[in-house]
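S.K.: my questions are about this predicted structure, shown below with the sequence.
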Amino acid sequence: MNTGQYISGAAHIGLIGWALLGGVFKPAPEPFEVTEVAMISAEEFDAMMAPTEAPSLDSEMVALTPPDPEATETEPPQAEAPDPAPVIAEPDAAAPPPEPEQAPDVAALLPPEPPAEVEDVAPVLVPPVEAPVTAAPDLSDRPQTRPTTRVAPEPVAPPEPDVKIDDIAQDEAVDDGAAEVQREQQEQTAEEEAATEIVTEAEASSSAPSTSVRPRTRPTRVAQPAPEPETDTGTQAAVNDALAQALAGGTAEPTTPSRPSGPPLTSGEKDALRVAVQKCWNTGALSTEALRTTVVVTVQMNQDGTPETGTIRMVDSQGGSTGSANQAFQAARRAIIRCGARGFDLPPEKYEQWREIEMTFNPEKMRIK
């Protein structure tokens, strides 16, 4: 036997077994729903649907027998029981009211609304309002700056031919014979000619308006009420002292302020002090407004040339607000303290002259008094 016969025999055996045993493994049939139906005839259906007839009423009148009076007297009348009062059912207050029936939604049954008509209307263009034309001011030739080799924050006019050129402008000292101390002869000097910018020959003069546009008016300021005058206790005390001296006879002599003794400082000594302080004066940290502010500072000096830090104070300021003046004063105070830490080079024999120094700190030029 070969392999093909084995395969053929196995296939035949499997087919015969499936034919014999295939019905054993069938699933159980699902139950059927059965409804009982009764069959009736048309006559029976009509009899069931026919209306019921009303009962017939007897129309004949039956004669009534009169009651026996004897029987009525012998039998006492029985009191009839009163009819019970009808019980009225009260509605339940807690029961909620019946909800109203909702009307059916008929929006779907209505015909659709026709689309709204859109009209094409061109937008109306509003012409722009033209600004009033201001007439240009008449122009005139701008004054040309004089060419010079020196540049300064403020322009300086050219000095006279016979005046000596110096860094500081000062007037000529006049000899006063009545003065107690004869001062040194001071020669008149003037600063060198300067301009705010360098002007070249190629620069042409530009035109400047000869008439300007009228500026806008400022809003009127509300006048502030004048402050009430305060009583000056110092003035009253001085008046009282004067009255006391007058009553005493007026023999008291007026006190005269003490003047410093010794020769005054020369211009060279003042310039040396100014240059020494100016080396430590840092104006780069000042604001634009503080650079236009001038402050006057006084300081008391020790004999070794060092300043007394606690005596540095500002006595006057010009050209700026209170904030800018305070900023400029702080810069000047730092310059005095830094450069005076080792002592300024001042003559000891003239200590009474430079015991109290007044300095004017101006970003354009600095003066020592």
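M.R.: Arrived safely, thanks for sending.
S.K.: so what's Glu289 closest to, chain neighbours aside?
M.R.: What sits nearest to Glu289 in space, not counting adjacent residues and going by C-beta to C-beta, 6 or more residues apart in numbering, is Ser324, at 4.2 Å. (Each C-beta comes from the backbone N, C-alpha and C, glycine too.)
S.K.: and the gap between that neighbour and Cys339?
M.R.: Separation of Ser324 from Cys339 (C-beta to C-beta, to the nearest Å): 23 Å.
S.K.: cool, Asp162 as well?
M.R.: With distances taken as C-beta to C-beta, Asp162 is found 36 Å from Cys339.
S.K.: dihedrals phi and psi, Leu346?
M.R.: The phi/psi pair for Leu346 (degrees, to the nearest 10) reads phi -120, psi 150.
S.K.: also Arg313?
M.R.: Main-chain torsions, Arg313, degrees, to the nearest 10: phi -150, psi 160.
S.K.: repeat that for Ser317.
M.R.: Here is the backbone geometry of Ser317 (degrees, to the nearest 10): phi -150, psi 150.
S.K.: swap in the one 3 residues further on?
M.R.: The phi and psi torsions at Gly320 (degrees, to the nearest 10) take the values phi -160, psi 180.
S.K.: sorry, back to before: so which of Asp162 and Cys339 has more stuff around it?
M.R.: More crowded of Asp162 and Cys339, by other C-beta atoms under 10 Å: Cys339, with 19 against 6.
S.K.: count of residues packed around the closest residue to the more buried one other than its chain neighbours?
M.R.: In this structure, Cys339 finds its nearest non-sequential neighbour in Cys280, 4.1 Å apart by C-beta to C-beta, 6+ apart. Neighbourhood size, Cys280 [other C-beta under 10 Å]: 16.
S.K.: picking up where we left off before, average pLDDT across the one helix or strand the residue nearest to Glu289 maps to?
M.R.: For Ser324, the enclosing helix or strand under DSSP states H and E is helix 322-339. The average pLDDT for helix 322-339 rounds to 91.
S.K.: and that helix, what's buried?
M.R.: Neighbour-count burial for helix 322-339 flags 324-325, 327-329, 331-333, 335-336, 339 (criterion: 16 or more other C-beta atoms under 10 Å).
S.K.: again with stretch 339-357
M.R.: For stretch 339-357, the neighbour count (16+ other C-beta under 10 Å) marks 339-340, 344, 346, 350-351, 353-354, 357 as buried.
S.K.: low-confidence ranges, the stretch 1-150 of the chain, go.
M.R.: Along the stretch 1-150 of the chain, the model assigns pLDDT under 70 to residues 1, 23-25, 54-64, 66-150.
S.K.: thinking again about what came up before, any idea how far Ala331 is from the residue nearest to Cys339?
M.R.: Cys280 is 10 Å from Ala331, by C-beta to C-beta.
S.K.: nearest to Val156 among the buried residues of helix 322-339?
M.R.: Using C-beta to C-beta, Ala328 comes nearest to Val156 of the buried residues of helix 322-339, at 22.7 Å.
S.K.: quick one on the thing from earlier: contact partners of the helix holding Ser324?
M.R.: Applying C-beta atoms under 8 Å, 6 or more residues apart in numbering, the external contacts of helix 322-339 come out as 276-283, 285-287, 289-290, 292-295, 297, 299, 307, 309, 312, 314, 317, 320, 359, 361.
S.K.: now with 6 Å?
M.R.: Contacts to helix 322-339, defined as C-beta atoms under 6 Å, 6 or more residues apart in numbering, come from residues 276-277, 280-281, 289-290, 293, 295, 297, 299, 307, 309, 312, 314, 317, 361.
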